[in-house]
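# A structural model of the following input is requested.
(one chain, ligands or ions: 1)
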Amino acid sequence: MDCICKVPGCGKPKLKSDWCFMHSRVVSNLSEAGKLAATMSHFAPSLVPVDVIGFIDSFPKVQGNLALSIVIAMVKEPTAVRAILEFDGGRIFAAGGLTGPILCEALIAAVRVCASTPDRPQSHRDELEQLSRQGVARFFGLASTAMALGVIVKTHDDDSDDAGAVVQLGLTGLTYRITADSSMCCKFVQAIDAAGVAPPNVQHDATGAVAELIQYAECLRQLLRSVGGTVPLGTKQKQKSGYVTDFIVRKLCLGWLAVWSCASTPAMEWEDVPVSRWRALLADSHEHVAELPSAWSSAQASAFICGRPDWPFLTSMYVCLWKEVADVFGETARRQFDGASDVGAVIASFHRRHGFAPHPYVLTRGLQS
Ligand SMILES: [Zn+2]
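Sure thing, here's the model as predicted:
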C-alpha cells in the first residue's frame, strides 16, 4: 500500500516522493499553492470550508428562488443564513413568492441575531474568523449584503440615531443603522424575477451537466451584470473586475452540482469531461486549473487535488485556499506537512471545538504551536 502513488486510482509505484513519476513531474511544475494542495490532497475532504458546507446544506431549500439563492450565496455566514431562512417561521418561503419587504425583514432579523451583543452566538464569531481568511469577507457577508440591499447604512460619529436601530456587526465592531427601507430589496427581487433565468436541467450525465451549467452560468453573469447597475453588489471596483459575479456564479453552480450528485445513482462519472471545461464555468482568476495538464480529465484533476475523483468543481478552490499559506510561509509549510503525523488529529480537534474545518492557514499555524 505504502509504495503506491498517493493519487487515488493511479496505482503506479511511487518514486522517492508520495507520487509516481508522472504525478511527481506535474507537482514539480505547480505554483507553491498547487504543490501544497497536492501534498495535502488526502485531507481535502475534511477541509471543506464552512461557507461551502453551509451553502450546500441550504441550497435545496432555496434552489427554486433565484433572488434568494443569490442572497444566501452572498451572506455566506451560516448563522446569518439560518436566521434568514428561519425568520418568522420561514416566511421567506411564503406562497406568492419572495417580495422585497419580506427579504428586507428577514435580513433585519439576521442582523439582530448576528449583531455584536453579549448574546451573539460564539459559533458566529468563529465563523467570521474563519471566513475572513478567505479574502472575500470584504465584499460578502451579512453586513456587505445588507448594505448593498439598503437595509443598513454605516453610521457616522455625529449620528444622533435611535439607539435601538444602531448595531455593531462583524469582527471590527463597525456600527450600522438599520434603515428598514425595503426599496432596494424590491428593485433587486423584481430585477431577478423579470429576467426569468431558467434553472439548469437536472442532468445525471456529467458531460451534459457541465454543458448545461456553462449555459446557465452565462445567463446568470449577464443578469448579475445588469442588476449590478441598480443594486451595488460588492464594491464598484470589484464588480467591474467580475470578481463578485464570478463568486456568486460559482456558488450557485456548486449548489446545483450538489443537488445532482445527491440525486444521481450511480455517482456522476467525470472521466469524459476534460479539466479545461471547468475554466469556462468557474472563476479561475489565479489560473490554478490552467497549471494542470490540459489532457487530464476532471476525475484525474479532482483525485490529484481533492483526494477523490468526484469533486472536480472544488479543484480550483482548494488551490486558492492554500495560497495564503504559500504566500506567508513559502516552502517551509510543505516541509512541515511532509513530516507531520498529527495533521489529521489537529483537524479533528479543531472540528470538535468549532463544528467546522480549519482554514489551511489556521491549520498550518495550529501545527506550529
Ligand atoms: Zn501517480
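# how many residues are close by the closest residue in space to residue 304 that isn't next to it in sequence?
In this structure, residue 304 finds its nearest non-sequential neighbour in residue 7, 5.3 Å apart by Cβ to Cβ, 6 or more residues apart in numbering. In short, each C-beta sits where N, CA and C put it, glycine included. By the criterion of other Cβ atoms under 10 Å, residue 7 has 25 neighbours.
# quick one: secondary structure of residue 7?
Here residue 7 is recorded as coil under DSSP: H, G, I helix; E, B strand; the rest coil.
# which strand or helix spans residue 252?
helix 243-263 (DSSP states H and E).
# again with residue 176
In this structure, residue 176 sits in strand 174-178 according to DSSP H and E.
# chain center to the helix or strand just after that strand, what's the gap?
The helix or strand immediately downstream of strand 174-178 is helix 183-195, counting by DSSP H and E. Counting by Cα atoms, centre = their mean, to the nearest Å, helix 183-195 is centred 24 Å from the centre of its parent chain.
# max-length helix in this structure?
Determined from DSSP state H, the single longest helix within the chain is helix 206-228.
# returning to what we had before: roughly how far does the residue nearest to residue 304 sit from residue 296?
Distance of residue 7 to residue 296, given as Cβ to Cβ, to the nearest Å: 11 Å.
# next, show the common contact partners of the two.
Jointly contacting residue 7 and residue 296 under the rule Cβ atoms under 8 Å, 6 or more residues apart in numbering are residue 304.
# nearest spatial neighbour of residue 67, skipping sequence neighbours?
Nearest residue to residue 67, sequence neighbours excluded (Cβ to Cβ, 6+ apart): residue 192, at 4.1 Å.
# scratch that, residue 124 is what I was asking about
Excluding its sequence neighbours, the residue lying closest to residue 124 (Cβ to Cβ, 6+ apart) is residue 79, at 4.0 Å.
# and the chain, which of its residues are near the ion?
Neighbours of the ion within the chain, by Cβ under 5 Å from the ion: 5, 7, 10, 12, 20, 23.
# the same query, at a cut-off of 6 Å, please.
5, 7, 10, 12, 19-20, 22-23 (Cβ under 6 Å from the ion).
# which among these gets closest to residue 251?
The closest of the residues of the chain next to the ion to residue 251 turns out to be residue 7 (Cβ to Cβ; 27.6 Å).
# circling back: could I get the buried residue list for the longest helix of the chain?
206-207, 209-214, 216-217, 220, 223-224, 227-228 (16 or more other Cβ atoms under 10 Å).
# so that helix versus helix 183-195, what angle?
140 degrees (axes from the mean of the first three to the mean of the last three Cα atoms, to 10 degrees).
# now the residue most central in space within the chain, nearest residue through space, not along the chain?
Residue closest to the mean C-alpha point of the chain, counted by Cα atoms, centre = their mean, is residue 52 at 4.6 Å. Nearest in space to residue 52, with sequence neighbours left out and distances taken as Cβ to Cβ, 6+ apart, is residue 254 at 6.8 Å.
# which ones are touching that neighbour?
By Cβ under 8 Å, 6+ apart, the neighbours of residue 254 are 52, 55-56, 313-314.
# so which of the residues you listed sit within strands?
Counting by DSSP state E, those place none of their members in strands.
# got the contact list for the residue in the stretch 101-250 of the chain positioned nearest to the ion?
The minimum distance from the stretch 101-250 of the chain to the ion, using Cβ to the ion, falls at residue 206 (22.3 Å). Residues in contact with residue 206, defined by Cβ under 8 Å, 6+ apart, are 268-270, 272-273, 298.
# right, and residue 76 touches residue 143 too?
No - Residue 76 is beyond contact range of residue 143, at 10.8 Å (criterion: Cβ atoms under 8 Å).
# quick one: low-confidence parts of the stretch 51-200 of the chain?
134-138, 157-161 (pLDDT under 70).
# where along this structure do the strands fall?
152-154, 166-169, 174-178.
# distance to residue 260 added to the ones you listed, as JSON lines?
As requested, the strands of the chain are exported to JSON lines (distance: least, Cβ to Cβ, whole Å):
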{"stretch": "strand 152-154", "distance to residue 260": "36"}
{"stretch": "strand 166-169", "distance to residue 260": "35"}
{"stretch": "strand 174-178", "distance to residue 260": "38"}
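# can you lay out the ones you listed as a markdown table showing mean neighbour count?
Listed next are those as a markdown table, based on neighbours: other Cβ atoms under 10 Å:
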| stretch | mean neighbour count |
| --- | --- |
| strand 152-154 | 18 |
| strand 166-169 | 19 |
| strand 174-178 | 18 |
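# residue 312 and residue 190: what is the separation?
On the measure of Cβ to Cβ, residue 312 and residue 190 end up 36 Å apart.
# residue 303: which of the strands of the chain is closest?
strand 166-169 (40.6 Å).
# on contacts alone, who are the packing partners of the closest one?
Contacts defined by 3 or more Cβ pairs under 8 Å, 6 or more residues apart in numbering; DSSP states H and E place strand 166-169 against helix 100-114, strand 174-178.
# who touches residue 38 in this structure?
So residue 38 contacts 19, 23, 26-27, 30, 304-305 (Cβ under 8 Å, 6+ apart).
# returning to that earlier point: which of the helices and strands packed on strand 166-169 sits most buried?
Mean neighbour count (mean count of other Cβ atoms under 10 Å) peaks for helix 100-114 among the helices and strands packed on strand 166-169, with a mean of 21.
# grab the CA positions of that one and hand them over as PDB.
Taking C-alpha atoms only, helix 100-114 is exported to PDB below (Å, rounded to 0.1, in the frame of the first residue of the first chain):
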ATOM      1  CA  GLY A 100     -38.800  43.000  -1.300                       C
ATOM      2  CA  PRO A 101     -40.400  43.800   2.100                       C
ATOM      3  CA  ILE A 102     -40.100  40.100   3.300                       C
ATOM      4  CA  LEU A 103     -36.500  40.000   2.200                       C
ATOM      5  CA  CYS A 104     -35.800  43.200   4.000                       C
ATOM      6  CA  GLU A 105     -37.400  42.000   7.200                       C
ATOM      7  CA  ALA A 106     -35.500  38.700   7.000                       C
ATOM      8  CA  LEU A 107     -32.200  40.500   6.600                       C
ATOM      9  CA  ILE A 108     -33.000  42.700   9.600                       C
ATOM     10  CA  ALA A 109     -33.800  39.500  11.600                       C
ATOM     11  CA  ALA A 110     -30.400  38.200  10.700                       C
ATOM     12  CA  VAL A 111     -28.700  41.500  11.500                       C
ATOM     13  CA  ARG A 112     -30.300  41.300  15.000                       C
ATOM     14  CA  VAL A 113     -29.100  37.700  15.600                       C
ATOM     15  CA  CYS A 114     -25.500  38.500  14.400                       C
END
